[in-house]
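Colleague: 3D model of this:
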Amino acid sequence: MTAPVYLINLPRDTQRLAVMRQQLQAQHLPFEWVQAVYGKDLSEAQRAALYDARANAARYHQVMTPGEIGCYASHLNVWQRIAEGSAPFALVLEDDVELLPQLPAVLQSVAALPPRWDMIKLVGREREKPWQRWTLPSPAAGTALIRYRRPPSLTGAYLVSREGAAKLLAAHKPFYRPIDVDLRHWWCSGLRLYGLSPYPISLGEESFVSSIGQRELGHWWSRRWRKARGQWAYNFRNAWANLQLSRQGDPFPELKNNHEA
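Modeller: Reported below is the predicted structural model:
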């Protein structure tokens with residue numbers, strides 16, 4: 001069974017759509033275009049239904065921009081489709097990534113995995129620091145499923161299971177911080193989060209030019225202190241959550257497991 005592919009794209013970004021369509025067609029991956037939410041077009045009622053301003057003020061170091069709200073809302077729309085669909089998992093893409101040649105083989109190998117994962121990140125940092133890895137079955141030779149010490153924040157490409165999409169909807173609607181930050185707090189939703197090494201998707205040239213707008217800065221000293229405090233709390237909770245995972249045993253005993261030092 002071929003996993004559905006959802007491509008998030010603003011109607012105005014026609015060049016990005018053309019580039020992504022060309023890449024997907026070259027890899028024989030049919031896709032469904034998902035109109036991205038433009039945050040500035042949301043009404044006050046629509047924004048209030050999605051974004052918890054009170055929680056943001058109390059628990060995050062800066063107000064979310066309309067662009068960040070629209071970006072998160074776009075992913076929520078895709079998760080809703082996946083949770084309500086029949087496919088066991090789907091590929092979610094933003095329109096600023098580059099698909100590498102090994103992607104189809106990776107998708108085939110992931111489809112053969114036991115359904116003990118909720119999300120697999122397909123783009124991230126060049127050098128990750130995993131603490132566990134499992135060799136993927138054929139045909140994705142040389143690719144490993146990894147469990148992160150600290151997940152990367154990029155959201156341009158990932159696989160999400162139907163169960164994972166339901167977890168994310170239940171835990172993060174409404175939301176109060178950007179999607180890339182929320183996904184790094186994987187324990188909040190009980191998300192079984194993994195990545196791949198090497199990644200089958202990289203950032204494209206368009207990723208260096210924001211399509212969602214820039215942030216207005218202010219109260220620098222206050223934001224800096226709150227961000228530092230939040231980072232300390234994140235490091236502690238992430239380490240604690242990883243410790244709990246390590247006590248649960250090997251989630252993929254049928255695969256070759258190479259523990260990281």
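Colleague: what is the mean pLDDT for the top helix by length along the chain?
Modeller: With secondary structure taken from DSSP state H, the chain has its longest helix at helix 220-246. In this model, helix 220-246 has a mean pLDDT of 85.
Colleague: and that helix, how far from the chain's centre?
Modeller: 19 Å (C-alpha atoms, centre = their mean, to the nearest Å).
Colleague: now that helix: buried residues?
Modeller: 238, 242, 245 (16 or more other C-beta atoms under 10 Å). Any C-beta I mention is one placed from the backbone N, CA and C, and that applies to glycine too.
Colleague: now stretch 252-261
Modeller: Buried, per 16+ other C-beta under 10 Å, within stretch 252-261: 252, 255.
Colleague: swap in stretch 144-160?
Modeller: Within stretch 144-160, the residues scored as buried using 16+ other C-beta under 10 Å are 144-148, 150-152, 154-160.
Colleague: for those, work out which two are farthest apart.
Modeller: Greatest spacing in those, by C-beta to C-beta: 144 and 155 (21.3 Å).
Colleague: on that earlier part again, among the buried residues of stretch 144-160, name the ones in strands.
Modeller: 144, 145, 146, 147, 148, 157, 158, 159, 160 (DSSP state E).
Colleague: so the second one sits against residue 198, correct?
Modeller: No. Checked against C-beta atoms under 8 Å, the pair residue 145 and residue 198 is beyond contact range at 11.9 Å.
Colleague: from residue 56, how far off is residue 47?
Modeller: 12 Å (C-beta to C-beta, to the nearest Å).
Colleague: what does residue 224 give?
Modeller: 17 Å.
Colleague: before we move on, what about residue 42?
Modeller: From residue 42 to residue 56 the distance is 15 Å (C-beta to C-beta).
Colleague: and if you look at residue 49?
Modeller: From residue 49 to residue 56 the distance is 14 Å (C-beta to C-beta).
Colleague: so which of the two has more stuff around it?
Modeller: residue 56 (17 against 13; other C-beta atoms under 10 Å).
Colleague: ok, and the closest non-adjacent residue to the more buried one?
Modeller: Distances taken as C-beta to C-beta, 6 or more residues apart in numbering place residue 176 nearest to residue 56, at 4.1 Å, with adjacent residues excluded.
Colleague: burial measure for the one you found, as a count.
Modeller: The burial count for residue 176: 20, using other C-beta under 10 Å.
Colleague: okay but it is in contact with residue 60, surely?
Modeller: Yes. At 5.9 Å, residue 176 and residue 60 qualify as touching, with contact defined as C-beta under 8 Å.
Colleague: need the distance between the two termini of stretch 49-58.
Modeller: End-to-end span of stretch 49-58 (C-alpha to C-alpha, to the nearest Å): 18 Å.
Colleague: quick one: buried residues of that stretch?
Modeller: Those would be 50, 51, 52, 56, for stretch 49-58 by 16+ other C-beta under 10 Å.
Colleague: now stretch 19-37
Modeller: For stretch 19-37, the neighbour count (16+ other C-beta under 10 Å) marks 19, 20, 23, 24, 29, 31, 34, 36, 37 as buried.
Colleague: alpha carbons only: can I get stretch 231-242 in CSV?
Modeller: What follows is stretch 231-242, C-alpha atoms only, in CSV (Å, rounded to 0.1, in the frame of the first residue of the first chain):
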residue,chain,number,x,y,z
GLN,A,231,15.4,25.7,27.8
TRP,A,232,16.5,24.5,31.2
ALA,A,233,13.1,23.0,31.9
TYR,A,234,13.1,21.4,28.4
ASN,A,235,16.5,19.8,29.0
PHE,A,236,15.5,18.3,32.3
ARG,A,237,12.1,17.0,31.1
ASN,A,238,13.6,15.6,27.9
ALA,A,239,16.3,13.7,29.8
TRP,A,240,13.8,12.4,32.2
ALA,A,241,11.5,11.2,29.4
ASN,A,242,14.4,9.5,27.7
